[in-house]
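**Student:** coords below, sequence missing:
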């Protein structure tokens, strides 16, 4: 029993060590295998129709950067196979209105066909037109150097990011057979470079699938604990001395630049509806006129379409949105009601709502947070709980399980 327990504990240790210190997801632009709890392609989408093309992270062949690279393997294909691999990055003020260079590295083995980069900027409201010298990515100059077998070489394109853009999509288009490795996407502009930092509000993407629904009345428990490789100081506590409803509320301590994660709820059935997050907030001391009020933050997480993306179930982190909470009236410390209205787009496969609180310079209490869909109470369905193994499964496990070796094998040394 100890041997199997050791295997479980070791696997858990590896999983936690592969998460950022914040327990949040990254886009993983250099395809490292341990990223996002060993989900290296979590935020990479691909369009693929044929079956003779294998896409996976490769740690055996030498990578251009780090330990892993992305292998597109069509070595068994009889005809040219096609796919698109892409990822969406946030277009903040540093990118908007700038000429950016998008680059990546590729390596080939017995490759026949074409592969090239493409990029475009878009807004959350509507797609923006291609701009700048994007067409260079589809000229012979950018693909002619892909010899059948060649070592790592850099591909790059340039484009102008629209001044109203919210997102920048970067992608590789593949049309060929043989093998091609992809690694180390970079986005650069004059005086700056995109940093693949943890995404605030992406905690649900690295939580286990059996994580229970949050108790936003805070009677049973506080927010779900996010797995992180190193212990962190918890910034909230359940408070039984102050409550708007029931016996407890959630007290969030002052200070800190990082938001406090409150939980996630599934929203699979709310396309095209209006979601309202309603609750109550209380402050420990009256706010001064210059004090900044806390903010409620959210992300709408997105699933890839099963029709367009039938192979891998990619995720979209969406955009982090902010909702200022009501300020504390002068001389008052009473509960105040707040509402955040979130339209849910009908043409997206909505996955879940991630909720966070950005504290202020003073402690904040939250209580009685509830959800409404088109003005009616919305009670999300709890995630399925894995059942107990059947007798047949236990019998197979006893037969197939192999104990771990706990001592090094004896080595007979030869003396020449």
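**Tutor:** That came through, no problem. The shown structure was predicted, so the numbers you read here are calculated from the model rather than taken from an experiment. Residues are numbered from 1 along each chain as shown.
**Student:** quick check: bridge partners of residue 295?
**Tutor:** Under DSSP bridges, the beta-bridge partners of residue 295 are residue 324, residue 358.
**Student:** wait, doesn't residue 35 sit right on residue 28?
**Tutor:** Yes: applying Cβ atoms under 8 Å, one finds residue 35 in contact with residue 28, separated by 4.1 Å. All C-beta spots, glycine's among them, are computed from the backbone N, C-alpha and C.
**Student:** between those two, which contacts overlap?
**Tutor:** Applying Cβ atoms under 8 Å, 6 or more residues apart in numbering, one finds that residue 35 and residue 28 are jointly contacted by residue 42.
**Student:** tell me how many other residues surround residue 108.
**Tutor:** As a burial measure, residue 108 scores 22 neighbours (other Cβ atoms under 10 Å).
**Student:** now residue 333
**Tutor:** As a burial measure, residue 333 scores 15 neighbours (other Cβ under 10 Å).
**Student:** excluding its backbone neighbours, what's nearest it?
**Tutor:** residue 283 (5.9 Å; Cβ to Cβ, 6 or more residues apart in numbering).
**Student:** would you map the strands across the stretch 201-350 of the chain?
**Tutor:** Secondary structure of the stretch 201-350 of the chain (DSSP state E, counting those that start in this stretch): strands located at 236-239, 249-252, 260-266, 274-283, 295-303, 315-316, 321-324, 336-343, 349-358.
**Student:** dump these to CSV, plus mean pLDDT and mean neighbour count.
**Tutor:** As requested, the strands of the stretch 201-350 of the chain are exported to CSV (pLDDT from 0 to 100; neighbours: other Cβ atoms under 10 Å):
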stretch, mean pLDDT, mean neighbour count
strand 236-239, 93, 16
strand 249-252, 94, 24
strand 260-266, 89, 23
strand 274-283, 93, 20
strand 295-303, 89, 21
strand 315-316, 82, 22
strand 321-324, 92, 14
strand 336-343, 93, 14
strand 349-358, 87, 22
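**Student:** tell me which of these sits nearest to residue 218.
**Tutor:** Closest approach to residue 218 among the strands of the stretch 201-350 of the chain is made by strand 249-252 (4.6 Å; Cβ to Cβ).
**Student:** got the contact list for the closest one?
**Tutor:** Here strand 249-252 makes contact (Cβ under 8 Å, 6+ apart) with 218, 222-223, 235-239, 242-243, 260, 282, 294, 357, 359, 363-367.
**Student:** how far does that strand sit from the chain's center?
**Tutor:** Here strand 249-252 shows a centroid-to-chain-centroid distance of 27 Å under the convention Cα atoms, centre = their mean, to the nearest Å.
**Student:** same deal with stretch 271-289?
**Tutor:** Taking the mean of its C-alpha atoms, stretch 271-289 sits 25 Å from the chain's own mean (Cα atoms, centre = their mean).
**Student:** got it, and stretch 346-357?
**Tutor:** 12 Å.
**Student:** tell me the domain ranges of this structure?
**Tutor:** For the chain, automatic domain parsing gives the domain ranges 26-193, 204-377.
**Student:** using TSV, lay out these together with distance to residue 402.
**Tutor:** Below are those laid out as TSV (distance: least, Cβ to Cβ, whole Å):
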stretch	distance to residue 402
domain 26-193	21
domain 204-377	25
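**Student:** of those domains, which approaches residue 403 most closely?
**Tutor:** In terms of Cβ to Cβ, the element of these nearest to residue 403 is domain 26-193, at 23.4 Å.
**Student:** mean confidence for that closest one?
**Tutor:** Domain 26-193 shows a mean pLDDT of 85.
**Student:** closest to residue 392 out of the domains of the chain?
**Tutor:** Taking Cβ to Cβ, domain 204-377 is the member of those nearest to residue 392, at 22.4 Å.
**Student:** quick one: the residue nearest to residue 44 when sequence neighbours are not counted from residue 38, how far?
**Tutor:** Nearest non-adjacent residue to residue 44, counting by Cβ to Cβ, 6+ apart: residue 87, 5.2 Å away. As judged by Cβ to Cβ, to the nearest Å, residue 87 and residue 38 stand 18 Å apart.
**Student:** surely the residue nearest to residue 44 meets residue 42?
**Tutor:** No: counting by Cβ under 8 Å, residue 87 sits too far from residue 42 to count as a contact (10.1 Å).
**Student:** now find how far off-centre whatever helix or strand residue 399 lives in is within its chain.
**Tutor:** Element membership of residue 399 [criterion: DSSP states H and E] is helix 391-400. What separates the centre of helix 391-400 from the centre of its chain is 35 Å, taken as Cα atoms, centre = their mean.
**Student:** what of stretch 100-107?
**Tutor:** Centroid separation for stretch 100-107 versus its chain: 22 Å, with Cα atoms, centre = their mean.
**Student:** can you pull out the helices in this protein?
**Tutor:** Applying DSSP state H to the chain gives helices spanning 2-17, 35-38, 140-143, 391-400.
**Student:** and the ones you listed, which one is worst for confidence?
**Tutor:** When the helices of the chain are ranked by mean pLDDT, helix 2-17 comes last with a mean of 37.
**Student:** for the closest residue in space to residue 247 that isn't next to it in sequence, give its distance to residue 324.
**Tutor:** Once flanking residues are discounted, residue 247 sits nearest to residue 240: 5.9 Å by Cβ to Cβ, 6+ apart. Applying Cβ to Cβ, the value for residue 240 to residue 324 is 28 Å.
**Student:** dump the residue contacts of residue 83.
**Tutor:** Counting by Cβ under 8 Å, 6+ apart, residue 83 touches 46, 47, 48, 53, 55, 72, 173, 174.
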